[in-house]
Each structure stands twice: as C-alpha cells, then as structure tokens.
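> sequence plus predicted model, see below.
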Amino acid sequence: MIPPVVYRFHARLVRNVDGTLLITTLVIMGFGLATIYSASDRTANQLMNLCAGLVAMWLFAQLPPQKMMRFAVPLYVVGVALLVLIWPLGLGIKVNGARRWLSLGVTRIQPAEMLKIAMPLMLAWYFHKHEAMLRIRHYATAGLLLLVPCALIAKQPDLGTAILVGGAGFYVIFFAGLPWKIIIGMTAAGVLATPFVWSLLHDYQRRRILTLIDPNSDPLGSGYHIIQSTIAIGSGGPFGKGWLQGTQTHLEFIPERHTDFIFAVFSEERGLLGNSILLILYLILIARGLYISANASTLFARVLAGSITLSFFTYAFVNMGMVSGILPVVGVPLPFMSYGGTALVTLFIGVGILMSIRSHRMLVKK
Amino acid sequence: MLIAAKSRKPQDDDLSRFRFRITFAAGMVALVFSLLTGRFVFLQVVQHEYYTTRAENNRISLVPIPPNRGIIEDRNGVVLAHNYSAFTLEITPSKVADLERTIESLEGLVEIQPKDKRRFRKLLEESRSFESLPIRTRLTDEEVARFAANRYRFPGVEVKARLFRQYPLGPVGAHAIGYINRINRADLDIIEENGQSSNYKGTEHFGKTGLEKSYEFQLHGQTGYEKVEMDAGGRPVRSLSRNAPISGNRLTLTLDIKLQEMAEKAFGDWRGALVAIEPSTGGILALVSTPSFDPNLFIDGIRSEDWDQLNHSPDRPMVNRALNGAYPIGSTFKPFMALAALETGKRTPNQSFFDPGFFTFGGHTFRDAKRGGHGKVNMHQSIVHSCDTYYYMLANDMGIDAIARFMGPIGFGSRTGIDIDGESEGVLPSPEWKRRYFKRAAQQRWFGGETISIGVGQGYNAYTPIQLAQAVATLANDGVLFRPHLVQYVTDSRTGKKTMIEPEPLRRLPWKRENVAFVKQAMVGVNKEGTGARAFAGARYVSGGKTGTAQVFSLRGADYKERRLRKELRDHALFIAFAPADKPRIALAVLVENGGFGAQTAAPIARMVLDYYLLNEPADGPAREDEAARESDEDEGEP
C-alpha cells in the first residue's frame, strides 16, 4: 500500500496541474532535447533548464489568478523602469552590438524577458478593472501601456522580443473586445505607414528584410542564414536524413543550430513528417490554451489565457517562418525546442498561468 | 462607439462575443499553420531534389592535388631540375586579423629572419589576400613540432608540406633550364589562353624563363582531385574519393651538362657566350652565357636584395647573351662570304688578288688589319690568314643584295626558333632592312660604301651567338640545316612514350659539295697554320676554325693599341669551330665580350670544349688567355 504521506504529497504535486498541457510540452521538450543533442553538447544544461522551468510552472499553477492580479502593476512598473535603465540611460551590458542585459552584481537579467509575462498581466488587470465600462479611451490607454515598453525594447535593439511583447499585449486588447472597425482601420494605417516604419528601421533590419526577398543577393552576409537553413529543410525531404545524420547540421553550415535555428536541424533530420508532428503538437497546445481561455470565469483570466496561448503561436510561427525563409530573420526562439534557460522558464511560467486559470475557474466563479 | 452599452448586456452574451474571438484566433492559427505546412511541402517535397543537390555541393568540395613537376635531365641522364618535399610556414592574410602581431608572435616559435619578412612583404604586394603565402620555407622538424603545439593560437597560419623545385647544379646551364616562380597575372592569362585554368587550380608556380617556361605545359602534369567532405569553416572532415594527379613529363635534353659546366668554367671571369651544336641533329650540346645566376634563388619569390644584385650588376647576369645578344661577328663571317662567292660564281678558288693593305672606295680607305697587306692572296689564304682586303673587294663585287640573299637562308638575321624564349632577331643588313629600320628618308638609302665592311662581318652586321653556331653547324653538315633545340625528347610520365623533338632537318641548302669542302678545308687550315694554329697546337683531331674580332669602339683610323683602351672598350673576341673535320660531331661559336683578339681569348675556350667533347679530356677552370697571340702571328688582328 502507498503510505498516506506519499499519497498526500502526490496529490499536492498534481493538484492544479493540467495533464494535456504538461504532456504536450514535455513531448515537444523531448524532441527539443534530442535535437539539441544532435546540434550541440548542451543537452545536460537544457535538462537543468527544463527542471527550473517545471518548478516555475508548478509554482505559478498554484497561484490563483486573483493573486496574480496583485503582481500585475508592480511587475509592469519595475519592468519598464529596468528597461529605461538600459535605454535611454545606457546602463546595460553590450553584447553583440545590443544592450539587452542588466547587471545585478551577482547575476544579470534581461528586463525585456520579464515584460513577456508582465505585459499581458498588466493589460489583463487593466481591462479587468474597467470591465464594466470599457470605452475607446481605455483601449487607447492600453495601447500606450503596450507601445512604451515595446519601443524601449526595440531600441536596445531587440526586434524579436519587441514583436513577442507587442503581440502578447495586442492579443489582450483584442480579446478584451477591441472593436473590429479599429482593427481594420489600424491594419490599413499600418500598410500605409510601411514606408515610414521602413525609415525607422536599423540598417541591419532592412538588410534582413531585403535578403528575405532575395537571399542570394548577399549569400555570404545576411542571406547566409536563410540560404543554409532552407537548404537544410529542403534536403531533409519527406522523412528526413535521420537523427544525428544532418550534413548541414554536423558540418556546421547552419548557424545558431541549438538556439534560434534549431528548427532547421530538426527539419533536416526528421523531414516533413517530423515537421507535421511538431505542428500538430503546437496545435494541441494552442487548442488546449484557447479552450482554457474560453472557459475561464473572469475577464482577467480569459484575456490572459488567450494572450499567453497566442504568444506560443507567435513564437512558433515567427521562428519557423524565419527559418524556412518566409519571414525576416528576427531573434525569436522556437518554444520548448530552442536552447536557453531564461526563455524556457518564461514559457513554463506561461504554461503555469494557464494551468492555474484552468484549475481555479470554479473557485473564482463561486 | 457605444461600447458601454455592451457591458450592460448579459454576461453570457459578452462571453459568446469573447468565444467568437477565440474561434477567430483559432482560425487564424489554423490558416497560418497551413501556410507553414505549404512552405514545408514546397521545400521538402517539391524542391527536395534541388536542395539535396545544394546540400551535397555544400558538403563536398573538390580539393586539387597539384602534380609533381616533370624532371629535366641532360642527354646522359644527369638530373638538372627535380622536386623535393619540405615544410613551409604559410599565412593566409585574409584570415589573419593583425598580420604584424601574428608574425611577431610566430618569431617566438620559428626563426624568421628580416630577409624572410622582406620576401613575405614582396609576395604580399603581388598576391591576392586569400592566397596562402610562405613566411618561412624549409622548416626543421623541431620547428614543425613547436608550431603544431601552438597552432590554436594562430588562425590563418598553417604548416604545409610542399614540393619544391630544385636545380642541383645551381648556375650551371641556368640560362637554358630557366626557373619557376610564383604565378602572376600575366601567367594566369597564358594559362587561360591555353585552356588550362582548371588544371592549374592548386598550382602555385609557373615557368618564367628557359625550358621551364617553354615546356611549362609538358612539365606541369595533370592535376588530381580529392573529393573531400568540408565543414562550413572550409576544414576538411574526411576524404570521399581521390583522383590521383599525373606527374609532368620528363624532358631529356640534348645538353651535355658536363660539357656545359666545363665550358662555363673555361670563360673564367670573362663575359660571353658559347653555343655548341651537334651538326647532324641540331641538338644543342652547350648553351653558355656568362656570368650565370642561381635559379634556386627564384623559386619561392626572390629576396629583394638578391634581385637588386642580379638586376643592377654591370655584368647583367640575367641576360642570355647566347640568344639575346646581337654582335657584329667580325672575321667569322668570312668563310660564309667565301662560300657565297663560290656559289654565286663571283670567285673561283684559285683567283688571286693583291692586297696592298687597304682598299679604297669612293674616296674612303678601308684598312687591312695587317699593315702593309698580305700581298698576293687566293681564297684559301684569305681564310687561313684572315685577309680583310680580299673580302672588301669581294663584298664590293657581289653587292649587298646578293650577300643578303645568300646569308638569309643560313639563318643570319632571323630567329633560329630554338625551343626557349628570349631570342633576338639580329640584323642581316640589306637596303630593304635599312628602309624598314630607319625612319628618316635620308638614312633609309643604302650607300655602296656600306657594303664594303659588311664583307668582313662589321658594319650593320649583328648576329646572335646561336645564329652563328647554327650557321657553323649547317656548314659542317654540308648545308643541311636543323632548328637548334635543347630538348631531345619528352617522355610521357604515364605511358613512357618518347616524343622526339625536331628530328627532321628544317631545310637543305643547295650548296655544291666541292664548294663546301673547299671552305671547310680552308677552316682546317686556320687551325693548322693560320690564326687558330697557336690555340690548336698539338690537337689529336683535325678541326676547322675561324677567328674573329669585332670592333666595339670605332678608332677612326687610329692604331688599335689594346692595352691603352679601357677593358669595356676592347674588341669582342670570337671563334667558330667544328670537329672532327671529316665527319663533324660538334660545331660551336664562342664570343668573349671585350676579349680582344679572337685567337687570344675565344680560341682557347673553343679548344678546351673540343678537347673535352672529342677526347673526353677533363678540364677544370678557366681557359688560358694567349697573351702572345698578336705578337707571334702577324696575321692575327682583324678589324
């Protein structure tokens, strides 16, 4: 017989944990670890990152949504303040021409990463607070709350994170009921403003977009990544070259093999079949998240869950689109696949929040 | 917009609106994921083959394996140019961030002398930055080991095993053999013109002069290829297959390098040239141009101080005098004039003329070298004692056109077509040549007086030593003319098949046998009792010869007092010879720059060469100058 202590511990451990979300992410993680093993020697490190992520997930799963609401404003304010330290105050550590990190003496943090969670929390809290009387100005305020940190992050420059944070914020506003007329109007304005945005872009960002249109225009420069990763994907064929058999990977033609371009490695070795399975896994994750969102009891929970879920989608789409050559190269990792502790912990916090929203919906309703 | 109104509606209604948005989002997700799936299908199914090829091309690289350059050997199999393997330390400038610092820290491991650095800098200027350039050659095993242990500190620096060309005999025969040096742009053009571009991938050297240049495509061989799997950094990972290179073909020369070496030594400190030809084949037995140079200096980029020294030396060692120098040939022209007279019927052997010591034409006096003249002289005597007046008269009687018509076919004044580059044409004087050569109308006219000195090999006459040697060989060979050549045959490195070079005569001159025999007999007389007698005293074979002295400096009628003149203004000494007289095995022409009289410096050199070649009598060191040549033989001393 199982001793009662163990039984109680087990019960406490699985409480608030959603099986579908956990299993789906773990299967994707399994693919990710195998691919990292093929592409580099970081598998052990990524396993430790996974453990940290699971702990974070579990902790957030235990945290009821109403408690999360309390953290919304402080997290957001601290996050934005730290961003201001980096730009315009210029206190960040410069790595590869961009200031993204802030030194805290013992360790260093990436404030933009915080915003990936803090932004939807803040906006969800904001809409929840004004739920009863949402007016156009509330959407405008929300837009401002969103744009300021995004601009700060883009200035570091870190276009990838700016897109993810912006996306997460926009999804909150969208789910909170942003009128369709405004959405359509903004889309039209966005198209018209393209030349203006173009003029604001950095040279390297413009080059990335140009090389997307014709990667061969700069085969040894910025086009190199795209050329090599599409060769990897294409040569993978329907069934792939087999695990550890990717020539593009093992002869080091693919840059950033275990991080942003891990999908090229996966795709070369597993082929179209592997890609399809991976897409299905992401679809399951997204479907489960949207289901949780649809069944959440409060506006806060609904929009937060919806935003987090669509963030996973944004990550996956932007990354796979970039690696397969239909989107420009921006630094966005592939969720649960790419190597990297910070991003993984952030992702698992998102999963934890989803779990919490699912398990606490009855409590809130009462 | 009345959003406030919406909030008053029942919560279920609100929720259904939210759920609609969720459904909308799900639709968007599905749409975008189908887009991605479409992209994957396009890449992995539709274009799969194309990308497979691209991945293979990425992965597999053909690394050229340069072939061993062909060996050059003399007619007896003595190796004149071969290859040896050695380690070099090479830097690829484009892969090195700070060249100065890299070289500085390399100095801690490997000895790099200032001259090495200077040579490297010179190479750097001449090369493209992605080429691998040697900073040190011939590393010791210890240096290789020391660098290997520190290799990680030096990206872009490598130790490479390379084959080096070596000329074991150094300066001996250098003008004939030539040398190789690193490929430059002009060489690349030649390679491209010959459709050899792909065969020269991986080759770094190219023949620059001599046989190394003219037989470059024979010597080079066929480049092999190794199919190598490469990583993105261009580092070879493993070899997939290998297509071995085919070594270059072997050149076997007509040159007798022992004879060559002996002849070069015979010149001592004299500047000059010697060409010895086998009359029956046109094969060159010795091709001397002194001073020579060490071709080994050039192989990996010559050091600038060596280059300056070779280039600025007043002795001009880089000039191949045997081919490039055009000299008036003085009295060595007389046997050919005599033959011309017999062939054209202007003279018979027994016609005698009186030589008073001068010849007057148009108010100008042409002096004989012998004061007071030779008295009564027939053709035989005119050659044996080198009588000038006889030939002044002969030239005047024949006229310039007849002389030019006879001399042209023997090869005077046109390139012989020897199988190395750098030949000059020389000048066979004629009215037509004058019209071509001079621009001003006043200078273009031919004057009758100009014909007179042509008869004694002076005036506008200017021939290269190789032309003179070819003419002597043709005379010795009874009018059968061969193109002089250095390579006897080329041996195909794969099949072993030998391809003979020039085994057929170029043309047969229609000379009467008795006329040729007469001239040859007169030349035998030269060495027996005439101007060459002192040099050939006691020879154990019968040889024909003719001395010659070519004026460098016009004395305008004043007496030529050799010792009063500065050395560089002294006359050039010449000697032509063939032996044995009845069936010549060797014919030669010697020219000693500023050597004075032909009998004085050139004839003793010719004697040594003939003694060695015919009797195998070893000689080592310079030929002895015959200081007394003029005093004892009153007949010596031509203009």
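Now that the structure is in, tell me what you want to look at. Numbering: from 1, shown residues only, chains lettered A, B, ... in the order given.

> tell me the spacing between the nearest residue to residue B:529 once chain neighbours are set aside and residue B:530.
Ranked by C-beta to C-beta, 6 or more residues apart in numbering or on different chains and with sequence neighbours excluded, the top spatial neighbour of residue B:529 is residue B:384, at 6.4 Å. Yep, even glycine has a C-beta here, placed from its N, CA and C like the rest. In this view, residue B:384 and residue B:530 are 4 Å apart by C-beta to C-beta, to the nearest Å.

> can you tell me the element residue A:123 falls in?
Applying DSSP states H and E as the criterion places residue A:123 in helix A:111-129.

> residues making contact with the helix or strand just after that helix?
Tracing the chain C-terminally past helix A:111-129 and defining elements by DSSP H and E, one meets helix A:136-154 next. Judged by C-beta atoms under 8 Å, 6 or more residues apart in numbering or on different chains, the contacts made with helix A:136-154 from elsewhere in the structure are A:76, A:79-80, A:83-84, A:86-87, A:112, A:115, A:119, A:122-123, A:126-127, A:130, A:161-162, A:165-166, A:169-170, A:172-173, A:176, A:178, A:182, B:1, B:3.

> same for the longest strand along chain B, what does it pack against?
Under DSSP state E, the strand in chain B containing the largest number of residues is strand B:79-91. Taking 3 or more C-beta pairs under 8 Å, 6 or more residues apart in numbering or on different chains; DSSP states H and E as contact, the helices and strands that strand B:79-91 lies on are strand B:72-73, helix B:99-106, strand B:133-136, helix B:141-149, strand B:157-166.

> among the ones you listed, which is the most enclosed?
Using mean count of other C-beta atoms under 10 Å in any protein chain shown, the stretch among these with the greatest mean number of neighbours is strand B:72-73 (a mean of 24).

> hang on, the earlier thing: tell me which of the helices and strands packed on strand B:79-91 lies nearest to chain A.
For the helices and strands packed on strand B:79-91, the distance to chain A is smallest for strand B:157-166, at 19.4 Å, taking C-beta to the nearest C-beta.

> centre of the chain to that closest one, how far?
Relative to its chain's centre, strand B:157-166 lies at 25 Å (C-alpha atoms, centre = their mean, to the nearest Å).

> and that strand, which strands flank it?
Taking DSSP bridges as the criterion, strand B:157-166 forms sheet pairs with strand B:79-91 (antiparallel).

> buried ones in the strand it pairs with?
Residues of strand B:79-91 classed as buried under the neighbour-count rule (16 or more other C-beta atoms under 10 Å in any protein chain shown) are B:80, B:81, B:82, B:83, B:87, B:88, B:89, B:90, B:91.

> could you check the angle it makes with helix B:141-149?
Counting by axes from the mean of the first three to the mean of the last three C-alpha atoms, to 10 degrees, strand B:79-91 points 30 degrees away from the direction of helix B:141-149.

> do you know how far residue A:262 is from residue A:231?
16 Å.

> how about the contacts made by residue B:452?
Taking C-beta under 8 Å, 6+ apart as the definition of contact, the neighbours of residue B:452 are B:359, B:361, B:366, B:392, B:395, B:396, B:459.

> redo that, cut-off 6 Å
Shown here is residue B:452, whose contacts under the criterion C-beta atoms under 6 Å, 6 or more residues apart in numbering or on different chains are B:361, B:366, B:392, B:395, B:396.

> export these as a markdown table, with columns for neighbour count.
A markdown table is the format used below for these (neighbours: other C-beta atoms under 10 Å in any protein chain shown):
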| residue | neighbour count |
| --- | --- |
| B:361 | 17 |
| B:366 | 22 |
| B:392 | 24 |
| B:395 | 28 |
| B:396 | 18 |
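
> and of those residues, the nearest to chain A?
Taking C-beta to the nearest C-beta as the measure, chain A sits nearest to residue B:395 out of the contacts of residue B:452, at 73.9 Å.

> that closest one contacts residue B:453, correct?
No - with contact defined as C-beta atoms under 6 Å, residue B:395 does not count as touching residue B:453 (7.8 Å).

> list phi and psi for residue B:595.
Geometry field for residue B:595 lists phi and psi as phi -80, psi 0, criterion degrees, to the nearest 10.

> what about it, how many residues nearby?
27 (other C-beta atoms under 10 Å in any protein chain shown).

> tell me the contacts of it?
By C-beta under 6 Å, 6+ apart, the contact list for residue B:595 reads B:270, B:573, B:601, B:602.

> nearest to chain A, of these?
Out of those, the one with the shortest distance to chain A is residue B:270. That distance is 60.6 Å, counting by C-beta to the nearest C-beta.

> quick check: the residue of the stretch 1-150 of chain B nearest chain A.
Nearest to chain A in the stretch 1-150 of chain B, going by C-beta to the nearest C-beta, is residue B:51, at a distance of 2.6 Å.

> so the host helix or strand of residue A:184, near chain B or not?
According to DSSP H and E, residue A:184 maps onto helix A:180-192. No - using C-beta under 6 Å from any C-beta of the partner chain as the criterion, no contacts between helix A:180-192 and chain B are found, and the smallest distance is 7.6 Å.

> pLDDT (mean, whole number) over that helix?
Looking at helix A:180-192 alone, the average pLDDT works out to 91.

> just the buried residues of that helix, please?
residue A:182.

> one step back: so where does the residue of the stretch 1-150 of chain B closest to chain A fall, helix or strand?
Per DSSP H and E: residue B:51 is located in helix B:48-59.

> where does the prediction get shaky in the stretch 251-366 of chain A?
Counting by pLDDT under 70, the stretch 251-366 of chain A has low-confidence residues at A:362-366.

> coming back round to it: among the contacts of residue B:595, name the ones in helices.
With helices taken from DSSP state H, there is no overlap with the contacts of residue B:595.

> the strands in chain A, which residues?
In chain A, strands defined by DSSP E lie at A:93-95, A:98-103, A:108-109, listed in chain order.

> so which elements touch the top helix by length along chain B?
Among all segments of chain B classified by DSSP H, the helix with the greatest residue count is helix B:11-41. Taking 3 or more C-beta pairs under 6 Å, 6 or more residues apart in numbering or on different chains; DSSP states H and E as contact, the helices and strands that helix B:11-41 lies on are helix A:262-294, helix A:299-323.

> buried set for it?
For helix B:11-41, the neighbour count (16+ other C-beta under 10 Å) marks B:14-15, B:18, B:21-22, B:25-26, B:29, B:32-33, B:36, B:39-41 as buried.

> and stretch A:244-261, by the same measure?
For stretch A:244-261, burial by neighbour count (16+ other C-beta under 10 Å) applies to A:246-254, A:256-261.

> middle-most residue in chain A, spatially?
What sits nearest the mean C-alpha location of chain A, by C-alpha atoms, centre = their mean, is residue A:315, with 4.6 Å.

> show me which residues of chain A sit near chain B.
Among all residues of chain A, those adjacent to chain B (criterion: C-beta under 6 Å from any C-beta) are A:132-136, A:175, A:179, A:231, A:233-238, A:247-248, A:251-253, A:272, A:275, A:279, A:286, A:290, A:293-294, A:302, A:310, A:313, A:317, A:320, A:324, A:326.

> wait, what's in contact with residue 228?
All of this refers to chain A. Listed by C-beta under 6 Å, 6+ apart, the contact partners of residue A:228 are A:253, A:254.

> my bad, the chain I had in mind was chain B
Applying C-beta under 6 Å, 6+ apart, we find residue B:228 in contact with B:61, B:63, B:236, B:239.

> mind checking which of these land in strands?
Taking DSSP E as the definition of strands, the contacts of residue B:228 contribute B:61, B:63, B:236, B:239.

> need phi/psi at the residue nearest to the third one when sequence neighbours are not counted.
Here the nearest residue to residue B:236 in space, its sequence neighbours aside, is residue B:228; by C-beta to C-beta, 6+ apart that works out to 4.5 Å. In terms of degrees, to the nearest 10, the main-chain angles of residue B:228 are phi -130, psi 140.
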